[in-house]
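Visitor: this one's sequence-less:
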């Protein structure tokens, strides 16, 4: 497969860029959809640099969605021809740069290889944001990853550790790699605001522990419930909020078995008065309200390879002292006493960490302040500016960049 990325007609002059974002998009409920929408909004905060932002939404066929005017193109994930049709439409639209949100689960084909047909058909520069980077990719998965990187004019990662991984596992040249943190809303933080938000939500007098996001077995919430059952013996004021709906794909394939199992566990542990399930997909404003009312954030995730987490970015960005298992992103973000790391699948260790922070409000607030300061450059407006800088680089003709890029033949035809 060959693809040509000619210089943009706007390259080398002062005209503002036209950007097309590719990824899932609301009203579809998933983390990438939220990220794509937030990226679009962040770019629009720089009208001196960006003229237009459009979206190519990836549908999980046969599901369909009622999109707003941002979405001008769509890809049906299981229909290979749809990828090339979308690419041709983007080519003809006058777009200067395509920004692809890449997560293996949203594209079909073996290891998401169908996306290579889309990239192959594009005739404009491509900036790919990698939402998954494995420490030891092998076989066909590694081939697809390398092909995507090779065909991209720039690659963005959301964790600094991902830079090292890509250099070592995929031999990616440093000039092509860019670290841009996961964006966050610009949320206020103060000790008094926590209490104010609790009163607004009806949680006055409670110590609020929370987990949010689309719910599924990989989140390890059962271990958090076991830990809460131990912590409330000495701290009966604790209220653990499990915020978010079950992931739509899990509901489609398995129904609500996981959530029902969690509810049964609460009853068996006798902690119904200490746990509340907020079974809704929250608006951003609602989510911020709940985060600002939270004293301690819990992330007992089970996948050690998880290189980025939007929920952790938001929680730490809201100034929440966070207890998490040692997945890749947590080890990076919670370093230097910005949080507490506990072993995987260890409810006893979670309970000990909870008790430690419940006993010492001073330690909680110091940890919260460190986390809040650390994440100020992650605010979406600043993240949007950094994406603009990368887009400007690839939209300018580079003498060293070949006119044609040869992609490995990873798709069986």
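Guide: Received it, and whenever you're ready, just let me know what you need. Because the structure is a prediction, the values reported are computed rather than measured.
Visitor: Can you pull out the low-pLDDT segments for the stretch 1-150 of the chain?
Guide: Within the stretch 1-150 of the chain, the segments meeting pLDDT under 70 span 1-14.
Visitor: As a check, name the ranges of all helices in it.
Guide: Along the stretch 1-150 of the chain, the stretches classed as helices by DSSP state H, counting those that start in this stretch are 31-43, 80-91, 115-121, 139-151.
Visitor: Then the stretch 251-400 of the chain?
Guide: Per DSSP H, counting those that start in this stretch, the stretch 251-400 of the chain carries helices over the ranges 257-269, 284-292, 310-317, 328-333, 347-359, 361-374, 380-395.
Visitor: Please identify the most buried of those.
Guide: helix 310-317 (a mean of 25; mean count of other CB atoms under 10 Å). C-betas here are computed from N, CA, C, even on glycine.
Visitor: coming back round to it: what about the helices of the stretch 1-150 of the chain, which gets the closest to residue 274?
Guide: helix 31-43 (27.8 Å; CB to CB).
Visitor: where does the stretch 151-300 of the chain dip in pLDDT?
Guide: Those would be none, if you go by pLDDT under 70 across the stretch 151-300 of the chain.
Visitor: out of the helices of the stretch 1-150 of the chain, nearest to residue 365?
Guide: With respect to residue 365, and counting by CB to CB, the nearest of the helices of the stretch 1-150 of the chain is helix 31-43 at 28.1 Å.
Visitor: Which one of the helices of the stretch 1-150 of the chain lies nearest to residue 163?
Guide: Closest to residue 163 of those is helix 139-151 (CB to CB; 12.4 Å).
Visitor: Show me what counts as buried in the closest one.
Guide: For helix 139-151, burial by neighbour count (16 or more other CB atoms under 10 Å) applies to 141, 142, 143, 144, 145, 146, 147, 148, 149, 150, 151.
Visitor: Helix or strand: which one has residue 204?
Guide: Residue 204 belongs to no helix or strand when elements are defined using DSSP states H and E.
Visitor: Which phi and psi values does it adopt?
Guide: phi -60, psi 140 (degrees, to the nearest 10).
Visitor: count of neighbours near it?
Guide: Residues lying near residue 204 (other CB atoms under 10 Å) number 11.
Visitor: Spit out the contact partners of it.
Guide: Contact partners of residue 204, counting by CB atoms under 8 Å, 6 or more residues apart in numbering, are 195, 198.
Visitor: just residue 189 next, same as before
Guide: Contacts of residue 189 by CB under 8 Å, 6+ apart are 292, 318, 319, 368, 372.
Visitor: need these in TSV with distance to residue 50, can you?
Guide: Shown next, in TSV, are those (distance: CB to CB, whole Å):
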residue	distance to residue 50
292	30
318	27
319	30
368	34
372	29
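Visitor: So which bits of the lengthiest strand in the chain are buried?
Guide: Of all the segments of type strand in the chain, defined by DSSP state E, the longest one is strand 50-59. By neighbour count on 16+ other CB under 10 Å, the buried set for strand 50-59 is 50, 52, 53, 54, 55, 56, 57, 58, 59.
Visitor: Switch the residues you listed over to CSV; also include distance to residue 28.
Guide: As requested, the buried residues of strand 50-59 are exported to CSV (distance: CB to CB, whole Å):
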residue, distance to residue 28
50, 24
52, 22
53, 18
54, 17
55, 12
56, 13
57, 7
58, 8
59, 8
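Visitor: Going by distance to residue 93, which of those residues wins?
Guide: Nearest to residue 93 among the buried residues of strand 50-59, counting by CB to CB, is residue 54 at 7.3 Å.
Visitor: and which of the contacts of residue 189 is nearest residue 106?
Guide: Checking the contacts of residue 189 one by one against residue 106 (CB to CB), the nearest turns out to be residue 318, at 26.7 Å.
Visitor: Against residue 54, how distant is the spatially most central residue of the chain?
Guide: Closest residue to the average C-alpha location of the chain: residue 310 at 3.9 Å, with CA atoms, centre = their mean. Separation of residue 310 from residue 54 (CB to CB, to the nearest Å): 23 Å.
Visitor: rewinding a little: which one of the helices of the stretch 1-150 of the chain lies nearest to residue 20?
Guide: With respect to residue 20, and counting by CB to CB, the nearest of those is helix 80-91 at 5.3 Å.
Visitor: helices and strands around that closest one, which ones?
Guide: Applying 3 or more CB pairs under 8 Å, 6 or more residues apart in numbering; DSSP states H and E, one finds that helix 80-91 contacts strand 71-76, helix 115-121.
Visitor: So for residue 118, what's the nearest residue that isn't a sequence neighbour?
Guide: Spatial nearest neighbour of residue 118, excluding adjacent residues (CB to CB, 6 or more residues apart in numbering): residue 83 at 3.9 Å.
Visitor: From residue 180, how far off is that neighbour?
Guide: Residue 83 is 25 Å from residue 180, by CB to CB.
Visitor: same thing with residue 87?
Guide: Applying CB to CB to residue 87 and residue 180 gives a distance of 24 Å.
Visitor: more crowded one of these two?
Guide: More crowded of residue 87 and residue 180, by other CB under 10 Å: residue 87, with 24 against 20.
Visitor: Which stretches in the stretch 201-350 of the chain count as strands?
Guide: Using DSSP state E, counting those that start in this stretch, the strands of the stretch 201-350 of the chain run over 207-212, 238-243, 275-278, 296-299, 322-324, 339-341.
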